[in-house]
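Participant: Task: produce atomic coordinates for the following.
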Amino acid sequence: MHWQGKFYVDLRLPFGLQSSPGPTSLLVFLGILIDSNLMECSLPPDKLSELMTEVHTWSSQKKCIKRQPLSLIGELNFACRIIPAGRIFLRRLIDPSTTACLPHHHISLNTEVRMDVVWWLKFPLLWNGHAIIPDLFW
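Facilitator: As a prediction, this is how the structure comes out:
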């Protein structure tokens, strides 16, 4: 495979020089910040702040319609790629949305759901990273 102008010849993919980053140890790829010095992945600061703002708006909700929490669930599902044990605290957010049949039906957010939202408010700020290569101790 060799480089010719704006295309990789073998793959026939357009690839401009202006879109390729220079040598760097920090790279955002598909919404994930990759740090090759620390050998970890994390959520970029802007994506993390957007997530925390969204979660904060849900911390006091008691009722909503089915379609409202679906975007939050999608964002948290993406964050689960980086944040360990996030899926455990996502399941109880998904369950109430499955009880309503239509997108405009009302659902109640019980105490357990609100406790999981509080977990999402605290934990991503404390730990935002996932080791790519484990330590030798492992």
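
Participant: Okay, domains of the protein per the record?
Facilitator: Per automatic domain parsing, the domain ranges recorded for the chain read 3-41, 44-129.

Participant: Tell me how many other residues crowd residue 110.
Facilitator: For residue 110, the neighbour count with other CB atoms under 10 Å is 12. In short, each C-beta sits where N, CA and C put it, glycine included.

Participant: any idea how far it is from residue 38?
Facilitator: Separation of residue 110 from residue 38 (CB to CB, to the nearest Å) stands at 39 Å.

Participant: Repeat that for residue 122.
Facilitator: 22 Å.

Participant: Of these two, which one has the most company?
Facilitator: Using other CB under 10 Å as the criterion, residue 122 and residue 38 rank with residue 38 on top: 13 against 10.

Participant: doesn't the more buried one fall inside a strand?
Facilitator: No: judged by DSSP: H, G, I helix; E, B strand; the rest coil, residue 38 forms no part of a strand; its state is coil.

Participant: Quick one: residues contacting it.
Facilitator: Contact analysis of residue 38 by CB atoms under 8 Å, 6 or more residues apart in numbering lists residue 129.

Participant: before we move on, back to that, which of the domains of the chain has the lowest average pLDDT?
Facilitator: When those are compared on average pLDDT, domain 3-41 comes out lowest at a mean of 69.

Participant: In contact with the residue nearest to the spatial centre of the chain, which residues are there?
Facilitator: Centroid-nearest residue in the chain: residue 79, 2.3 Å away (criterion: CA atoms, centre = their mean). Residue 79 is in contact with 43, 51, 86, 124, counting by CB under 8 Å, 6+ apart.

Participant: and if we set it to 6 Å?
Facilitator: 51, 86 (CB atoms under 6 Å, 6 or more residues apart in numbering).
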